[in-house]
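A.B. asks: structure here, sequence nowhere to be found:
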């Protein structure tokens, strides 16, 4: 039976088997990605860390970084990085509801903070997707400290972020999804 994780926003995670839609787990506002190297759906939950779905069960994975114990990140963006074979978590809010601009890799067993030479401005409610043709993660939109939606575009190279200035862009937005 083919199972796809469809949606997770405060209510829960659902599966569709071609006939029936059912709730599998309530995780809250959680970004989810598919990691093809490990054949898992990977979800980041700010209260409990990384969860992986193998098509049958959810399994909680390794601990969150020590710096997140009292200051977890909420509303980050999450994308699979096919070039490096890791899952990249970027931005969001800390426990004081302040925006962060951190970039973290999850390799299936541990977190590693990435300290790039440049980063997008602090934000939450943004989205990212891996562009397999260009071998880059694309970050777009979100909201900044002024609570206004953004429409800036950034690319992750694996070493840092590069801002792009396309001739045309979608209007500013937050709380949206991206797919490739």
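C.D. replies: Alright, I've got the coordinates. Keep in mind it's a predicted model, so treat the numbers as computed, not measured.
A.B. asks: so for stretch 128-135, first residue to last residue, what's the gap.
C.D. replies: Chord length of stretch 128-135, first to last residue, is 13 Å (CA to CA, to the nearest Å).
A.B. asks: neighbouring contacts of it?
C.D. replies: For stretch 128-135, the surrounding residues in contact (CB atoms under 8 Å, 6 or more residues apart in numbering) are 77-83, 88, 90, 136-140, 155-156, 178-180. For glycine as for every other residue, the C-beta is placed from the backbone atoms N, C-alpha and C.
A.B. asks: equivalent analysis for stretch 90-105, please.
C.D. replies: Contacts for stretch 90-105 (CB under 8 Å, 6+ apart): 46, 65, 70-78, 81, 84, 86-89, 111-116, 119-124, 126, 128, 139, 142, 144-145, 156, 161.
A.B. asks: filter these down to just the buried residues.
C.D. replies: Buried members of the contacts of stretch 90-105, counted by 16 or more other CB atoms under 10 Å: 46, 65, 72-78, 81, 86-89, 111, 114, 116, 119-120, 122-124, 126, 128, 139, 142, 144, 156, 161.
A.B. asks: need the contact list for the residue most central in space within the chain.
C.D. replies: Of all residues in the chain, the one closest to the mean position by CA atoms, centre = their mean is residue 78, 1.3 Å from it. Applying CB under 8 Å, 6+ apart, one finds that residue 78 lies in contact with 31-33, 42, 44, 87-90, 128.
A.B. asks: go again using 7 Å as the cut-off
C.D. replies: Residues counted as contacts of residue 78 (CB atoms under 7 Å, 6 or more residues apart in numbering) are 31, 33, 44, 87, 89, 128.
A.B. asks: try residue 113
C.D. replies: Counted by CB under 7 Å, 6+ apart, residue 113 has contacts 102, 104.
A.B. asks: dihedrals phi and psi, it?
C.D. replies: The phi/psi pair for residue 113 (degrees, to the nearest 10) reads phi -70, psi 140.
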